[in-house]
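A.B. asks: Quick check, what structure comes out for this input:
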Amino acid sequence: MATYLDIEETLRPDLAEADRALAQALQLNGRASFRELGQVLGVSDQTVARQLTRLRSAGTLRLLGLTDPLRLGETPWFVRVRCTPDAADSIGRALARRTDTTWVNLMAGGTEISCSVRTPDSGRGDALLLQRLPHTPRVVDVTAHCLLHIFFGQNLSTITKTGPLRPEQAAALAPAPHRQPGGDAGPADAVRLDQGDRLMLDLLARDGRAPTGELARATGWSPSTVRRRMAELVAEGVLYFDIDYHPDVLHRSFRAALWLEVDPAQLAAAGAALAGHPEISFAAAVTGAANLYAAVDVASVQVFYRYVTESVAALPGLRHTVTTPIHRTLKGAGPYR
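C.D. replies: Next comes the predicted model:
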């Protein structure tokens, strides 16, 4: 998985209205043709192609075809590493270079790293996490929280809530309903992949709009088989498409993580309420005393204060709240962001 570690500092202004419309359209239907996108956006397919090429070439955004670990019988973990301030950057970069991490953030004034990890063996996940983290005396504490259920994220993002498309435009692009990624799946009903599936998914993880012909050559399938199998994996909730933005794009001035302790009987209701908040970019149920995790993206510290004291405080069953500012993203993209 690519990281942001080696991206040069360049000017990346906020997305223009037309760029935001295209980003929302791709979030809704990442494999829509240029013609389909142009019809909805009211421009030519050539204009859409040039626009997307510009955004991708500038490193502003990319479309990724990603997989839901729960549908594949994998164990996803959120790991919090508390360390001394002088060690956070180097340890965070080491974690970002690992292939089993999907995002890595520096948090809490440089004293904490938060990352997500996918492990194929649910029985040994916790031990593997502890073994693979850098062994250094500057690590103060490590905690791992198993992801149980996603309320908002993956194929949904904040731009699906705040983007400029009109309801009828969004409806024209939205694919047919399918099993929501991160739903109530487990090892018993995990989807099994063959070698062709894995070859196709590997390419889509690097470029969600990889041409059908390229996917066919990689898998040895016919183009029609590629299209059919891709549709099956989407319908089964295994494959979804997500827009990954450069950290300087769309992120507002203040980002933070919420670790909430909620009464178990109210966990589903609290998670569903969080999913509807425009400030939330990701929300999930996790193991541990803090059983509800959310990522918040707002305009300022003052807005965050109002959000925590008003919207978060009103969540059903809320017992305890911990907030942790996110200072820098070392690695983005993947199932959790």
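
A.B. asks: chain center to stretch 106-125, what's the gap?
C.D. replies: Distance of stretch 106-125 from the chain centroid (Cα atoms, centre = their mean, to the nearest Å) equals 14 Å.

A.B. asks: how about that stretch: buried residues?
C.D. replies: Using 16 or more other Cβ atoms under 10 Å as the test for burial, stretch 106-125 gives 106-108, 110-119, 122, 125. Using the backbone N, CA and C atoms, a C-beta is placed for each residue, glycine as well.

A.B. asks: where does this structure have low pLDDT?
C.D. replies: Applying pLDDT under 70 to the chain picks out residues 1-14, 121-137, 176-188, 247-248, 250-252, 333-337.

A.B. asks: Now with 50, please.
C.D. replies: Low-confidence segments of the chain, defined by pLDDT under 50: 1-13, 122-127, 180-188, 334-337.

A.B. asks: pretty sure L203 is touching A216, no?
C.D. replies: No: between L203 and A216 there is no contact under Cβ atoms under 8 Å: 10.6 Å.

A.B. asks: residues near the closest residue to D86 other than its chain neighbours, how many?
C.D. replies: Among residues not flanking D86 along the chain, R138 sits closest, at 7.0 Å (Cβ to Cβ, 6 or more residues apart in numbering). As a burial measure, R138 scores 13 neighbours (other Cβ atoms under 10 Å).

A.B. asks: so R138 makes contact with A94?
C.D. replies: No: between R138 and A94 there is no contact, the gap being 11.9 Å when judged by Cβ under 8 Å.

A.B. asks: from the buried residues of stretch 106-125, which two are the most distant?
C.D. replies: Spanning the widest gap among these are G110 and S122, at 32.6 Å by Cβ to Cβ.

A.B. asks: next SSE after whichever strand or helix holds F241?
C.D. replies: Using DSSP states H and E, F241 falls within strand 239-245. Going down the chain from strand 239-245, the next helix or strand is strand 254-262, by DSSP H and E.

A.B. asks: export the helix or strand just after that next one as CSV, just CAs?
C.D. replies: Using DSSP H and E, the next helix or strand after strand 254-262 towards the C-terminus is helix 267-275. The C-alpha trace of helix 267-275 is given here as CSV (Å, rounded to 0.1, in the frame of the first residue of the first chain):
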residue,chain,number,x,y,z
LEU,A,267,-24.1,0.8,21.2
ALA,A,268,-26.0,0.2,17.9
ALA,A,269,-28.1,3.3,18.4
ALA,A,270,-25.1,5.5,19.3
GLY,A,271,-23.1,4.2,16.3
ALA,A,272,-26.0,4.9,14.0
ALA,A,273,-26.4,8.4,15.4
LEU,A,274,-22.7,9.1,14.9
ALA,A,275,-22.9,7.9,11.3
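
A.B. asks: Helix 267-275 packs against which elements?
C.D. replies: In this structure, helix 267-275 packs against strand 139-152, strand 280-286, strand 292-298, with contacts taken as 3 or more Cβ pairs under 8 Å, 6 or more residues apart in numbering; DSSP states H and E.

A.B. asks: Of the ones you listed, which is nearest A25?
C.D. replies: Of all those, strand 280-286 sits nearest to A25, with 18.6 Å by Cβ to Cβ.

A.B. asks: how far away is E17 from L41?
C.D. replies: Distance of E17 to L41, given as Cβ to Cβ, to the nearest Å: 11 Å.

A.B. asks: Show me which of those two is the more surrounded one.
C.D. replies: Using other Cβ under 10 Å, the more surrounded residue of E17 and L41 is L41, with 20 against 9.

A.B. asks: correct me, but the more buried one touches A25?
C.D. replies: Yes: assessed by Cβ under 8 Å, L41 is found in contact with A25 at 6.4 Å.
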